[in-house]
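K.L.:
everything below, folded, please.
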Amino acid sequence: MDVPQLLNAFPKYLEENRLAQPRHIPFLARWAEKYLGAPHDPNLRPDDRLQAFLCQLQKSPGLTDWQVRQAENAVLLLRQFAKERQPATASVPQPSSSDAPTTPELALTSGSQSITPTAKWEDAYSDMRKLLRLRHYSPKTETTYLDWTRRFAEYCRMRPPVTLAEADVKRYLTHLAMERRLAASTQNQAFNALLFLFRDVLVQPLAGLQDTVRAKRGERLPVVFSREEVQRLLAAMEGTTKLMAQLTYGAGLRLMECITLRVKDIDFDQRRVIVRRGKGDKDRVTLLPQALVEPLRTHLARVKIRHEADLAEGHGEARLPDALMRKYPNAGKEWAWQYVFPSAILSPDREDGKLRRFHTAESNLQKAVHEAIRKASIAKHAGVHSLRHSFATHLLESGTNIREIQELLGHNHVETTMIYTHVIRQMAPPVRSPLDATAGS
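P.N.:
Below you'll find the predicted structure:
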């Protein structure tokens, strides 16, 4: 396809694949035309040519940063379009019809093992669910990955999985960035889900996604409460959710780490909380505030009464992680394995259908914290995780070594914990204006 044909077909490509909002398509087409018509060194690599083009635009008077970014996106989309127009060289032959059955020619060979790609989306969802559980992904990740897979299937108009290729993933990720305008973190979540789908479920690795239009994530400072704001927030709460919020702040816990705590994970004698299988499937030890020792003892006494009532009714068996239920068949009824913050109702287990009392829903604490923020008149876009940020920031303010804070938070690298030093810098008293100094003299 020559340049005029490419430019003529480019707007239709953007519209059909929903890669940009309709009002933006004419501008993207103009930037693409300007890029192809700009003089350039024929020996330059495509990336170097793009950078030279953008540098020239930045020097142009009257152009803003967002226009330069729009031009960059237009060129990346044009490249993506041109690459898709090239003759296909896929290693897996595509069926001639969208509903063609899987044939022996579609089998992928990996070493000595032959794997037949999934032909139906129902099978793909089932295979993905099995693989996620086999590899010990969290239930929340399982739900998220399956949700993104369903959205991707709908975007591709439910074409059979065996007919999909890397170009479809590129178009979908570009659609999320350009038309849906999703945040960079959300796009990365979708990318990881589709990477798992193609690499592990469809056995079709993705290798050339570096040119995909993606949102760039800038540096963000965490939202942190002041000590006085924490007091006001907790004063606006009551009951079990208040105890959960206190523990989240006092021990620096993540939301799911708090609500999935078990009785055996609270060590009253050594005043510590043991976080089991936290983020990254890691265990760690953090603080148990002295102020929460007696409230937690009182709370657990009430929970134990409910557990004994469940046992009397033939229930009271908690779900154990991995294969421990087979190894220790009666351990799930023991008090040590019960959740510190159990659900108010019994629910059927998705694995075996048995009625169990799981942990409380995370939305209970989230809603209670948001309501308390409103009642306390705290004008910040904050949530439960802000209590964890506040825990780290206040420890740093009090002189605690950053390495120790890193261990308490469970960060792999100290660079992650260093973000709180920037928060403290932002919270420090501002430099005094020279006008104030003049007025005071």
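
K.L.:
might you list the low-confidence residue ranges for the stretch 201-350 of the chain?
P.N.:
208-219 (pLDDT under 70).

K.L.:
residue ranges of the strands in it, please?
P.N.:
266-267, 272-275, 284-287, 347-348 (DSSP state E, counting those that start in this stretch).

K.L.:
tell me the strands beside the third one, with direction?
P.N.:
On the basis of DSSP bridges, the sheet neighbours of strand 284-287 come out as strand 272-275 (antiparallel).

K.L.:
list the buried ones in the strand it pairs with?
P.N.:
By neighbour count on 16 or more other CB atoms under 10 Å, the buried set for strand 272-275 is 273-275. Any C-beta I mention is one placed from the backbone N, CA and C, and that applies to glycine too.

K.L.:
next one: stretch 138-155
P.N.:
In stretch 138-155, counting by 16+ other CB under 10 Å, buried: 141, 144-146, 148-149, 152-153, 155.

K.L.:
closest to L292 among these?
P.N.:
Of all the buried residues of stretch 138-155, L292 sits closest to T141, with 29.9 Å by CB to CB.

K.L.:
as CSV, the strands of the stretch 201-350 of the chain with distance to L311 would be great.
P.N.:
Shown next, in CSV, are the strands of the stretch 201-350 of the chain (distance: least, CB to CB, whole Å):
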stretch, distance to L311
strand 266-267, 21
strand 272-275, 25
strand 284-287, 30
strand 347-348, 17
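
K.L.:
circling back: and which of the buried residues of stretch 138-155 is nearest to L311?
P.N.:
T141 (32.2 Å).

K.L.:
list the contacts of the spatially most central residue of the chain.
P.N.:
The residue lying closest to the centre of the chain (CA atoms, centre = their mean) is Q189, at 5.1 Å. With contact taken as CB atoms under 8 Å, 6 or more residues apart in numbering, Q189 is in contact with 144, 148.

K.L.:
host element of it?
P.N.:
helix 184-196 (DSSP states H and E).

K.L.:
for that helix, buried residues please.
P.N.:
Buried residues in helix 184-196 (16+ other CB under 10 Å): 187, 189-191, 193-194, 196.

K.L.:
how about stretch 334-341?
P.N.:
Quick answer for stretch 334-341 (16+ other CB under 10 Å): 334-335, 337-341.

K.L.:
could you dump it to CSV, C-alpha only?
P.N.:
Below are the C-alpha coordinates for stretch 334-341, written out as CSV (Å, rounded to 0.1, in the frame of the first residue of the first chain):
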residue,chain,number,x,y,z
GLU,A,334,-9.9,-25.4,65.1
TRP,A,335,-10.2,-21.9,66.7
ALA,A,336,-6.7,-20.9,65.5
TRP,A,337,-7.7,-21.1,61.8
GLN,A,338,-10.9,-18.9,62.1
TYR,A,339,-11.0,-15.4,60.7
VAL,A,340,-10.5,-12.5,63.1
PHE,A,341,-13.1,-10.5,61.2
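
K.L.:
element containing the residue lying closest to P26 once chain neighbours are set aside?
P.N.:
Leaving out its chain neighbours, the residue that sits closest to P26 by CB to CB, 6 or more residues apart in numbering is P11, at 7.3 Å. Assigned by DSSP H and E, P11 belongs to helix 3-16.

K.L.:
centre of the chain versus that helix, how much separation?
P.N.:
On the basis of CA atoms, centre = their mean, to the nearest Å, helix 3-16 sits 34 Å off its chain's mean C-alpha point.

K.L.:
averaged pLDDT, that helix. What do you get?
P.N.:
For helix 3-16, the mean pLDDT works out to 85.

K.L.:
got a list of contacts for it?
P.N.:
Residues contacting helix 3-16 (CB under 8 Å, 6+ apart): 1, 19-20, 22, 25-26, 28-29, 32-33, 36, 77-78, 81-82, 85.

K.L.:
among these, which two are most distant?
P.N.:
Farthest pair in the contacts of helix 3-16, by CB to CB: M1 and P22, 23.7 Å.

K.L.:
can you add pLDDT and distance to I419 and give the buried residues of helix 184-196 back as a markdown table?
P.N.:
Converted to a markdown table, those look like this (pLDDT from 0 to 100; distance: CB to CB, whole Å):
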| residue | pLDDT | distance to I419 |
| --- | --- | --- |
| Q187 | 88 | 21 |
| Q189 | 91 | 20 |
| A190 | 91 | 25 |
| F191 | 89 | 23 |
| A193 | 92 | 26 |
| L194 | 91 | 29 |
| F196 | 91 | 28 |
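
K.L.:
which of the residues you listed sits closest to T286?
P.N.:
Q189 (26.7 Å).

K.L.:
distance check, the closest one against D322.
P.N.:
To D322, Q189 is 25 Å away according to CB to CB, to the nearest Å.

K.L.:
again with Q67
P.N.:
54 Å.

K.L.:
who has more neighbours, these two?
P.N.:
Q67 (15 against 9; other CB atoms under 10 Å).

K.L.:
which SSE is the more buried one in?
P.N.:
helix 65-85.

K.L.:
do the same with R180
P.N.:
Per DSSP H and E, there is no helix or strand for R180.

K.L.:
confidence score at it?
P.N.:
So R180 comes in at 82 (pLDDT).

K.L.:
kindly report the same for K140.
P.N.:
Reported pLDDT for K140: 84.

K.L.:
OK, contacts around it?
P.N.:
M256.

K.L.:
which strand or helix spans it?
P.N.:
helix 139-155.

K.L.:
can you tell which of the strands of the stretch 201-350 of the chain is closest to N412?
P.N.:
strand 284-287 (11.1 Å).
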